[in-house]
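Asker: pasting the sequence and the predicted coordinates here, then a few questions.
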Amino acid sequence: MIWDASDANPMHRRLPAEVVSRRRADKKPKAAETTTDEVVVDLKTAITLKPEARTKWLSKACAMVEQGKVKPTDLYDIVTNRKFSGGLPDRVGRKLAGILRDSFSIFSDKQQRYLNSTESPVPMHLAAQEDEEAEEEEAPRPKKKVPREEAPVTATIPEITLKEVEKVPKKEKQLPPGPVVEAPKPPPVENREDEAKRRKLEEEADNILGALVPGLADAAPPIFSKADANRRRSVSRSRSISSRTAR
């Protein structure tokens, strides 16, 4: 179209519109996902498996029952058959019992009671023991009480007793025991005065006799009073005591 400047119609001045087509891409159908976890739930197939392979088969069969692909009664009939569960090693039997215990809800109450009974070929009691042992291992063990190290007992003497001991005077050295010697006791004062009077009287009597009878004083033996005898005895005793102590 030729544009004319004298043409005042604005519609004649527009550019031709471009034709744009939008097409939806056809989605290719996805290939069906192949599930490799499915197994054949059949007694003949399960019996032909080795003991170690039976544990894997049972775990997959339980998953299929939970998904609704297999009936619980079919799996129950296989599990309770002694050809499948009997004559297996204890280790394999414990694994089978553990798998069934994890998927116990897929069975009915009656089926669960039979599986837990002693008539069941599956050793469910072994799985229960393993669960208890696992719980005991997971539970925190009580810490052992460590005996506290007691400080050595030291005898402490208070300061008061030490001060009292210092105040006590030291005892003098005791001499070895020996014979006890008593010192002679001096005569009492009254005896001394009486003795002096007697001596005076005796001397006066001697003088009178000597004056009356000349030569009598020289011939007569000396007169000794009792006081003189006692005095001599005391002197002799003191001498003997002093000689013993000197030895």
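Answerer: Now that the structure is in, tell me what you want to look at.
Asker: report the backbone C-alpha coordinates of whichever strand or helix holds residue 98 in CSV.
Answerer: Assigned by DSSP states H and E, residue 98 falls within helix 90-102. Presented in CSV, the C-alpha positions along helix 90-102 are these (Å, rounded to 0.1, in the frame of the first residue of the first chain):
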residue,chain,number,x,y,z
ASP,A,90,19.0,-69.2,64.7
ARG,A,91,20.5,-66.1,63.2
VAL,A,92,18.2,-66.3,60.1
GLY,A,93,15.2,-67.1,62.3
ARG,A,94,15.8,-64.0,64.3
LYS,A,95,16.0,-61.9,61.2
LEU,A,96,12.7,-63.3,59.9
ALA,A,97,11.0,-62.7,63.3
GLY,A,98,12.4,-59.1,63.3
ILE,A,99,11.0,-58.4,59.9
LEU,A,100,7.5,-59.8,60.8
ARG,A,101,7.6,-57.7,64.1
ASP,A,102,8.2,-54.5,62.1
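Asker: how big is the angle separating the following helix or strand past it from helix 90-102?
Answerer: Using DSSP H and E, the helix or strand that follows helix 90-102 in sequence is helix 109-116. Per axes from the mean of the first three to the mean of the last three Cα atoms, to 10 degrees, the angle that helix 109-116 makes with helix 90-102 is 160 degrees.
Asker: helix 109-116 packs against which elements?
Answerer: Contacts defined by 3 or more Cβ pairs under 8 Å, 6 or more residues apart in numbering; DSSP states H and E place helix 109-116 against helix 72-79. C-beta coordinates here come from the backbone N, C-alpha and C atoms, glycine included.
Asker: list the buried residues for the helix it packs on?
Answerer: 72, 75, 76, 78, 79 (16 or more other Cβ atoms under 10 Å).
Asker: nearest to residue 113 among the residues you listed?
Answerer: Set against residue 113, the nearest of these by Cβ to Cβ is residue 76 (12.2 Å).
Asker: buried residues in the helix holding residue 98?
Answerer: 92, 93, 94, 95, 96, 97, 98, 99, 100, 101.
Asker: good, wrapping up.
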